Structure formats: C-alpha cells, structure tokens
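>>> okay, here's the prediction I keep looking at, along with the sequence it came from:
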Amino acid sequence: MYFDSGWITYLDARTGDIHECILPSLNKNNTTNCTFVTTDGAAHMILALTFNNDTTDEATVLEGVAFDRGTAFRTIMGRLFDPKWPCGRSQTADSELIDYVGKSTVCCSKFELLSISDNRITETCAEFTSLSTFSPFPGNISAVLSTEYKLYPNQCIDIRAVSFTAPKSLDYYLQPNENAVTCSSTATSCSQQLRAYADFQFQFSVYVTDFKDIMVNGIAGQLVMRNGQVYHDGDKPFTSTDKCWKQVMKDPTGNTYFTSNFCCKKFITTSRLTCTQYQITISAAGKNRLSLYARMSLQENLIVINVHKYYIHGGLPAVIQAATSGYSIKLCTFKSDEEGALCTLKLETGSTYDLSFIFGTAAHQTSVQVFTLAETTPLNWTVKDAEKSCSHRPNGTTNSHHHGHIQTERLNLNPGNVSDIVSHSTCCLSSHHFT
C-alpha cells in the first residue's frame, strides 16, 4: 500500500472556518511549519491522506481541544493539561476505510504559570447567570438567550435556559465545550458531569440557527475551577467586586454581532477550607534510582491513593501501609512501572494514621513514612505539616525553599549497596469550601 500526505486542515469548530497548510510528502525527509490563528472555542485539525495513490481520505490529528486566549485545554470533562499528564489521546474510525482506526495524541509542550491564590478567599460562587445577545441578523432582527447555571462541586453543573427571545424561525444550542451535553429549544435543561476533586475549564458555546441561511455562534460564559475556587480569564476569581466575565465579538468589518455577560448570582461565605486532594512525591538518585508520584483524595471517612508513576531500580515491589493505635493496615501492593495502582483506606473517627511507603522485599526493605493524617474536626481529616499549595511546584518536585512536609531519609534496598538519600514531600493540590 502506498501512503502519502496531502495537506493539513485546521477547522474552527465554532466558526466553521477552514484553513489549509500544504505539507511535503511523508516519504521525504522534509518538514513544514504551519501557523493558524485560533479563536476561542473548540477546534479540529485534519490531515489529508492518500492511499494507493488514488484514494483521498482524512485523519484527525487534533481533536478534543479547546482554546482560550492562546492557551489550550481538553474539551472532555473540561480537563486541564498538567505537567505530569501533558497529553490527551483520541481515536477515530472511518466508514470508507473499514479497517482504518486513527489514533492521535496531543501534548502540551509549554505551560504558562498562573498566580493562583493559596485558598485564602472567603467567598465562592455557587450559581451563575448569562445574558447572550446576537444582533443584528439579516432584516435587523436579534436573538437574546438568558441562562442559569448551578455548580455542585465534584458532581455536576446544572444548566437551564430561562428564556430565548427571537423570531420563531430561530433555534439555539448551548454546549459546555463539546456536543456531548446540549441544552436547546426542545430541551431547555441539561447537566455537565464533573470529575471528583479535579480542576476543570468550561466554555459554554451558544449557537443560533434557522437551519437555512443563519448560523451564528459565540461563548455565553466561562467557568474555571482551580484549587477549589472558581475563576474566569485564567486566574481571576469570581468575587463580589469582580463577579462577571464578559465577551464581545466583532465581524471582519469591526461591527459587534455578539455580546454576553456571565455573572455570579449567588455567593457562599466560607467558614472553613479543607484540603481534599494531596500530591505525594518520593525520589532518590544514585544506584537505587527511585521515583514515585501519587495523588491522595479525602472523601469524608475514606482516603483513595492513586499511584500514577512508580519506578525503582531492580523492579522491586512497593507497599502502602497505615499505622494506627499500635497496629498496621496494609492498603495495597504495586510493582515498578505499574500505572494506575489504586489503594483505599476507611478511616475511623478519632484515630490518627501514619502512612508509609515500603520498598523492597521482606528480606531487605526500607520504610519511608510520608505523613501523619489526623481528624481535626468530625469527618474533617488533615495531613499534618503538608504544604498549603502545590502551585509553586507544578512538576511535583520537592523544593527546600518552601516549608512543609519535606524530609530526607536513607534508602538501602540490597545488602552491600551504598544507601542513597531519599526525599519525599506532601502538598495540597485541591481544597474545597464548606459552610
């Protein structure tokens, strides 16, 4: 089979604009740089393919990504690119090519450092409204959509269109990032599910059409969750003095055709702030070469530890163990290079837990105690001496210039080995407000 490439096409999913960039043959050692001007919203990038020199088809190389003022995030569940997980993957099939399955990976190669609060904000927004206006349409007509949003952290965003004022020939569609969730003229309420204890970003795109001559769109609102606090425009929190996000869109001649105000309707005054997700890093250089990265979520009387990365020289197993009231509880065992190990522990009220990672075999092992977990108030558990925020260490590395649970111990896994210094730290990744 002869395989070649034709051109790469950038499709703006919001405006429908198409831009092409001619590429050299993939069979030649040539490269071409393609530059596209992106507007805010979702987009696709497609590579034209030639099979057997006579069949032209397309392969999606960029999908599931949305743009916001030159930055990018993932459309599915509003996931943010993370230095620890910089890539997003997608898979597509083609009805014309029965055996063809296209897989693409999109990775972020450059991150922008945002100045995020260390959770000292005393109010957070729970309900929002948006007022979006399209004007003028041909014939000097307009369309106005009023929408309400209710945020339930770790659960969902409930969306309800309150009113749509427009000629009867026009319909609307409101979608958070992607078309998996849609509010419309025939279904005025919809709900966007959220990942528990995770940051996110959503752009609520609105489309108005008569299915014939009119198809216009804009962004009704923007909602970003970071460290348990809601933001807009990257790093600006919604507060009583800055409660609105605004959007103004102009056509190529400079005339305004779309405006939207997305504002906080109901603030909640917070009386306490609890860290609900921690980052754990353990590392050692030298002969033992240890590297571990994990996240721990607190869910009332339950902790869930997800080991995202673990490598140790020699492939030795590791055990997570919790000690309390004179006895130990084995949470789980996982292997080197094993991804996604999941460990859980049910917490008993009034108890204190010392959590340790044990490396090696029964004959020769090293235990590293990473933190102490204590119940400060009923069902409110806290890691003692953990750093208040991981935002100053986006790569999860330890930093001796910041206070917190950063310690060093000796790691010696095999008889005769020179022991290496192992460093470990625990910091707060995400906090949530409770009234």
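Yes, it's here. Residues are numbered from 1 along each chain as shown.
>>> now residue 266, which residues is it bridged with?
residue 127 (DSSP bridges).
>>> scratch that, residue 74 is what I was asking about
So, taking DSSP bridges as the rule, residue 74 has residue 65 as bridge partners.
>>> count the neighbours of it for me.
Residue 74 has 21 neighbouring residues, counting by other Cβ atoms under 10 Å. Quick note: C-beta positions are derived from backbone N, CA and C, even for glycine.
>>> how close does it get to residue 297?
Going from residue 74 to residue 297 by Cβ to Cβ, to the nearest Å gives 20 Å.
>>> got the domain ranges for this structure?
Residue ranges for each domain of the chain read 3-107, 123-270, 273-434, as given by automatic domain parsing.
>>> mean pLDDT lowest where, among those?
Lowest mean pLDDT within the domains of the chain: domain 3-107, at a mean of 64.
>>> strands along the stretch 251-400 of the chain, start to end?
256-269, 272-284, 290-299, 302-312, 318-324, 327-334, 341-346, 352-361, 364-377, 380-383 (DSSP state E, counting those that start in this stretch).
>>> er, the stretch 51-200 of the chain I mean
Along the stretch 51-200 of the chain, counting by DSSP E, counting those that start in this stretch, strands occupy 55-68, 71-74, 87-93, 101-107, 123-137, 141-152, 156-165, 171-176, 183-184, 189-193, 200-209.
>>> residues in contact with the second one: which ones?
The list of residues contacting strand 71-74 from outside it, by Cβ atoms under 8 Å, 6 or more residues apart in numbering, reads 64-66, 79-81, 88, 108, 112, 201, 234.
>>> what is residue 332 paired to in the beta sheet?
Beta-bridge pairing for residue 332 (DSSP bridges): residue 320.
>>> CSV for the strands of the stretch 51-200 of the chain, including distance to residue 375?
CSV is the format used below for those (distance: least, Cβ to Cβ, whole Å):
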stretch, distance to residue 375
strand 55-68, 40
strand 71-74, 36
strand 87-93, 38
strand 101-107, 41
strand 123-137, 24
strand 141-152, 25
strand 156-165, 29
strand 171-176, 37
strand 183-184, 42
strand 189-193, 30
strand 200-209, 29
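>>> closest one to residue 239 among those strands?
Among these, the nearest to residue 239 by Cβ to Cβ is strand 123-137 (6.5 Å).
>>> what helices and strands are in contact with the closest one?
Using 3 or more Cβ pairs under 8 Å, 6 or more residues apart in numbering; DSSP states H and E, the elements in contact with strand 123-137 are strand 141-152, strand 200-209, strand 215-226, strand 229-232, strand 256-269.
>>> let's have those in TSV, adding mean neighbour count and distance to residue 374.
Output for these, formatted as TSV (neighbours: other Cβ atoms under 10 Å; distance: least, Cβ to Cβ, whole Å):
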stretch	mean neighbour count	distance to residue 374
strand 141-152	18	28
strand 200-209	22	30
strand 215-226	22	26
strand 229-232	22	25
strand 256-269	17	27
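>>> okay, those in JSON lines with distance to residue 337 next?
What follows is the helices and strands packed on strand 123-137, written out as JSON lines (distance: least, Cβ to Cβ, whole Å):
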{"stretch": "strand 141-152", "distance to residue 337": "37"}
{"stretch": "strand 200-209", "distance to residue 337": "29"}
{"stretch": "strand 215-226", "distance to residue 337": "31"}
{"stretch": "strand 229-232", "distance to residue 337": "36"}
{"stretch": "strand 256-269", "distance to residue 337": "44"}
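>>> nearest to residue 334, of those strands?
Nearest to residue 334 among the helices and strands packed on strand 123-137 is strand 200-209; the distance by Cβ to Cβ comes to 27.8 Å.
>>> partner strands of the closest one, with direction?
Per DSSP bridges, strand 200-209 is paired in its sheet with strand 171-176 (antiparallel), strand 215-226 (antiparallel).
>>> same list, those, but as JSON lines with distance to residue 250 please.
Output for the strands paired with strand 200-209, formatted as JSON lines (distance: least, Cβ to Cβ, whole Å):
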{"stretch": "strand 171-176", "distance to residue 250": "21"}
{"stretch": "strand 215-226", "distance to residue 250": "11"}
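>>> and of the ones you listed, who's closest to residue 133?
strand 215-226 (9.1 Å).
>>> relative orientation of the closest one and strand 156-165 in degrees?
Interaxial angle, strand 215-226 versus strand 156-165 (axes from the mean of the first three to the mean of the last three Cα atoms, to 10 degrees): 150 degrees.
>>> I figured residue 258 hits residue 249, correct?
Yes: assessed by Cβ atoms under 8 Å, residue 258 is found in contact with residue 249 at 4.1 Å.
>>> what is in contact with the two at once?
The contact sets of residue 258 and residue 249 overlap at residue 218 (Cβ under 8 Å, 6+ apart).
>>> report the beta-bridge partners for the closest residue to residue 158 other than its chain neighbours.
Using Cβ to Cβ, 6 or more residues apart in numbering and skipping residues adjacent in sequence, the residue nearest residue 158 is residue 150, 4.4 Å away. Taking DSSP bridges as the rule, residue 150 bridges to residue 127, residue 158.
>>> for the remainder of this discussion, apply numbering that starts at 16.
Yep, numbering from 16; the last one is residue 165 now.
>>> ok, residue 165 - contacts?
Counted by Cβ under 8 Å, 6+ apart, residue 165 has contacts 141-142, 172-173.
>>> what do you get for residue 337?
By Cβ under 8 Å, 6+ apart, the contact set of residue 337 is 343-344, 346, 360, 368-371, 388.
>>> so it versus residue 291, what's the distance?
To residue 291, residue 337 is 18 Å away according to Cβ to Cβ.
>>> touching, residue 244 and residue 139? I think so.
Yes: Residue 244 sits in contact with residue 139 when judged by Cβ under 8 Å, with a separation of 5.9 Å.
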